[in-house]
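Undergrad: Need coordinates for the below:
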Amino acid sequence: MIGTYPDFHEIELADQPLLDPLFRRLREGVSELTFAGLFCFRATHAYRLSRLPDGTIVLAGSDKGDSRGERRALLDADHRGRVWEPSQGSHQKCFFVCPFALPPRDLLDALFERCTCLKLATEAQAGWLRGAGYEVSEDRDNFDYLYHREDLASLAGRALQKKRNLVHAFERAHLQETLPLTRERIGDALAVLEAWREHARDLADYVPARDALVHGVEFGLEGRITYVADEPAGYALGEPAANGTMFIVHYEKTVPDTKGLYQFINMDFARALPAQFSLINREQDLGDPGLRQAKMTYRPCAFVKKYRARKPGPA
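TA: Predicted structure coming up:
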């Protein structure tokens, strides 16, 4: 249920028919701004929705460094029948997002009074905000990596030779089969996710990944699952964006200790996608040096740039 400002209500499955088409038409293809992405990470970021008086839909949330009390306040405010307001000292932990349009200046300033910053601003929004006197900065850690689908499908050229070699070595070493991730194979994908969980160092996306599998069919997610020696070994899952010209890969999970498997499912998924998807969005690196290096080795063709904005400080 979408709240009416100043109320912010929790994202629900019932909101999908309204929001999903709106998100899929966003031309920038920001990886976070899909209904499936927001719903699956609704607890991680305590996401809330509201409709402003001018009709603009706004999203509010909190970052992972927030206190448990503030996150609980965000999640439970509606059920107590009260309007959510940041608690004392928590203003610096709340953010808001305007996925579809920036609201009028008075409403924008009111949102800045409740939250410290506007996140996921597009380049067009960033330009307007700068012109209006707000402080705007690049959010490089959250830039999405874009690749030509054909490049990932072929891994052609010297720059991608090491990736190609890993795929070929995997294919020689293992009897494998890759199939569409249909409803009947969700249980096998969940088994892969559990095997991944047992050895993962960072479980931040475990619950969202599980939600994405459980609700994948109703969310319109598309995936592929790879079997090695008839056992489920890896899967990839994502969804169309940017009016069907881009495909966002949200999740890639494999069982541990199978060399070349990640490279294989990456290439297989790109090959399986229809030609209408000219770009593949492989999301952000979150500032992790190892992940940044890994994404750069696939030679991105561009980035989906994102910006943060704040109210200007005292002169």
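
Undergrad: for the helix or strand containing Gly37, what is the average pLDDT?
TA: Secondary structure from DSSP states H and E places Gly37 in helix 35-40. Across helix 35-40, pLDDT averages out at 98.

Undergrad: Only alpha carbons, please: show it as CSV.
TA: Only the C-alpha atoms of helix 35-40 are listed here, as CSV (Å, rounded to 0.1, in the frame of the first residue of the first chain):
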residue,chain,number,x,y,z
PHE,A,35,9.8,-3.6,-8.1
ALA,A,36,11.5,-6.9,-7.5
GLY,A,37,14.7,-5.2,-6.3
LEU,A,38,12.9,-2.9,-3.9
PHE,A,39,10.6,-5.7,-2.5
CYS,A,40,13.4,-8.2,-2.0
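
Undergrad: Excluding chain neighbours, what is closest to Arg185?
TA: Of all residues not flanking Arg185 in the chain, Ile225 sits nearest, at 5.3 Å (CB to CB, 6 or more residues apart in numbering). Placement of C-beta: from N, CA and C, glycine included.

Undergrad: wait, what's in contact with the one you found?
TA: If you count contacts by CB atoms under 8 Å, 6 or more residues apart in numbering, Ile225 has them with Thr178, Leu179, Pro180, Leu181, Arg185, Asp188, Ala189, Val192, Pro232, Gly234, Tyr235.

Undergrad: Quick one, grab the pLDDT at the residue nearest to the fourth one when sequence neighbours are not counted.
TA: Take Leu181 and drop its neighbours on the chain: the residue closest to it by CB to CB, 6+ apart is Gly223, 3.3 Å away. The confidence metric pLDDT takes the value 98 at Gly223.

Undergrad: Please, which helix or strand holds Gly223?
TA: Gly223 belongs to strand 222-228, assigned by DSSP H and E.

Undergrad: list the helices and strands the next helix or strand after that strand packs on?
TA: Tracing the chain C-terminally past strand 222-228 and defining elements by DSSP H and E, one meets strand 231-241 next. Judged by 3 or more CB pairs under 8 Å, 6 or more residues apart in numbering; DSSP states H and E, strand 231-241 is in contact with helix 16-24, helix 186-199, strand 222-228, strand 246-254, helix 261-272.

Undergrad: pLDDT averaged over the first one - what is it?
TA: Going back to what we said before, that points to helix 16-24. 97.

Undergrad: and what of the longest one?
TA: Averaged over helix 186-199, pLDDT sits at 97.

Undergrad: and whichever helix or strand comes after that helix, how far out from the chain's middle?
TA: Sequence-wise, the next helix or strand downstream of helix 186-199 (DSSP H and E) is helix 206-214. Remark: helix 206-214 is offset 13 Å from the chain centroid, using CA atoms, centre = their mean, to the nearest Å.

Undergrad: Restricting to C-alpha, output the following helix or strand past helix 206-214 in CSV.
TA: As assigned by DSSP H and E, the chain's next helix or strand after helix 206-214 is helix 216-219. This file holds the C-alpha atoms of helix 216-219, laid out as CSV (Å, rounded to 0.1, in the frame of the first residue of the first chain):
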residue,chain,number,x,y,z
GLY,A,216,10.4,-14.8,-9.2
VAL,A,217,7.6,-16.0,-11.4
GLU,A,218,5.1,-13.4,-10.1
PHE,A,219,7.8,-10.7,-10.4
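
Undergrad: Check which residues of helix 216-219 are buried.
TA: By 16 or more other CB atoms under 10 Å, the buried positions in helix 216-219 come out as Gly216, Phe219.

Undergrad: I'd like the average pLDDT over that helix.
TA: 95.

Undergrad: Mind giving me the packing neighbours of that helix?
TA: helix 16-24, helix 35-40.

Undergrad: Residues contacting the last one, please?
TA: Defining contact as CB under 8 Å, 6+ apart, one finds that helix 35-40 is touched by 11, 13, 15-16, 19-20, 23, 31-32, 47, 59, 207-209, 211-212, 215-216, 219-221, 239, 250.

Undergrad: ok, back up a step: which residues does the residue nearest to Leu181 contact?
TA: Pro180, Leu181, Ala189, Gly216, Tyr235, Ala236, Leu237, Gly238, Phe269 are the contacts of Gly223 under CB under 8 Å, 6+ apart.

Undergrad: what about the residue lying closest to the first one once chain neighbours are set aside, distance to Leu213?
TA: What sits nearest to Pro180 in space, not counting adjacent residues and going by CB to CB, 6+ apart, is Arg224, at 6.3 Å. To Leu213, Arg224 is 13 Å away according to CB to CB, to the nearest Å.

Undergrad: Just confirm Phe247 contacts Ser278, I think it does.
TA: No. Judged on CB atoms under 8 Å, Phe247 makes no contact with Ser278 at a distance of 9.3 Å.

Undergrad: Looking only at neighbour counts, state which of these two leads.
TA: Phe247 (24 against 15; other CB atoms under 10 Å).
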